[in-house]
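Asker: Dropping the sequence and predicted coords here.
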Amino acid sequence: MQDQVNGEKPEPQFQKMRGCVEVALNNAKTGEQEWTYSMAVELLENAVATAGRAWVLAHMLSGEGATSQVLSHAAVGTDTTAPSTGDTGLGSEVVRKFVGTWDLSGTTANPPFIRALIQLQTDEGNTTLAEVALFNSSAVGTMLAHATFASTAKTTDNTFGITYTISN
């Protein structure tokens, strides 16, 4: 898909899940280590199961009891500056809204995904919109993802639907 703001094709960004394993064989009587193997030393890749990746995505919505860790809000704004990995907020935020619906049907896909569904009503965000992001808070918070789109004027005659898909 081509970036509609600057005409370039953006590079997809992937968060690879990685791990390292260290195993050791010890003498039961002396406790001495007889053999050890560390994947970290040899930098061998491990396989992360699809079910495990789906579990990580689902936990983004549960926070394991810590509500400050739950991915909960979407924000829209007017800035057309290309997003970067160092972004912590929108360029020009207009409105931030609780994500009312999460579509989890993709957690059984390979690769798994989840979708945030947000709807701005006729009285929300009435300006020229060009960016969207997901956060874990109703104010400031941690930004998970940020995207720009072709500027579009939203008025009281319109609602504005956002479907934000997250995959790993």
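Answerer: Looks like it arrived, so ask away.
Asker: which residues touch the top strand by length along the chain?
Answerer: Longest strand in the chain by number of residues (criterion: DSSP state E): strand 143-153. Contact partners of strand 143-153, identified using C-beta atoms under 8 Å, 6 or more residues apart in numbering, comprise 3-5, 60, 71, 78-83, 87-90, 127-136, 164, 166. Where C-beta positions appear, they are placed from N, C-alpha and C, glycine not excepted.
Asker: Report the buried members of those residues.
Answerer: Buried subset of the contacts of strand 143-153 (neighbour count, 16 or more other C-beta atoms under 10 Å): 5, 60, 71, 78-80, 82-83, 90, 129-136, 164, 166.
Asker: quick one: Phe160 and Gln119 touch, right?
Answerer: Yes - at 7.2 Å, Phe160 counts as touching Gln119 under the criterion of C-beta atoms under 8 Å.
Asker: And these two? Which one has more around it.
Answerer: Phe160 (18 against 13; other C-beta atoms under 10 Å).
Asker: Model confidence for that one, exactly?
Answerer: Per-residue confidence (pLDDT) for Phe160: 89.
Asker: Look up how far Ile118 lies from the residue lying closest to Gln121 once chain neighbours are set aside.
Answerer: Nearest residue to Gln121, sequence neighbours excluded (C-beta to C-beta, 6 or more residues apart in numbering): Thr159, at 5.9 Å. Thr159 is 11 Å from Ile118, where distance means C-beta to C-beta, to the nearest Å.
Asker: neighbour-wise, which of the two wins?
Answerer: With neighbours defined as other C-beta under 10 Å, Thr159 and Ile118 compare such that Ile118 has more, 20 against 13.
Asker: Which pLDDT value belongs to Gly19?
Answerer: So Gly19 comes in at 47 (pLDDT).
Asker: er, Ser62 actually
Answerer: What the model reports for Ser62 is a pLDDT of 68.
Asker: Now for Leu57, how many residues are close by?
Answerer: A total of 20 residues lie near Leu57 under the criterion other C-beta under 10 Å.
Asker: Show me which helix or strand of this structure is least confident by mean pLDDT.
Answerer: helix 39-42 (a mean of 48; mean pLDDT, DSSP states H and E).
Asker: so Thr108 makes contact with Ala58?
Answerer: No - in this structure Thr108 lies outside contact range of Ala58 using C-beta under 8 Å: 11.1 Å.
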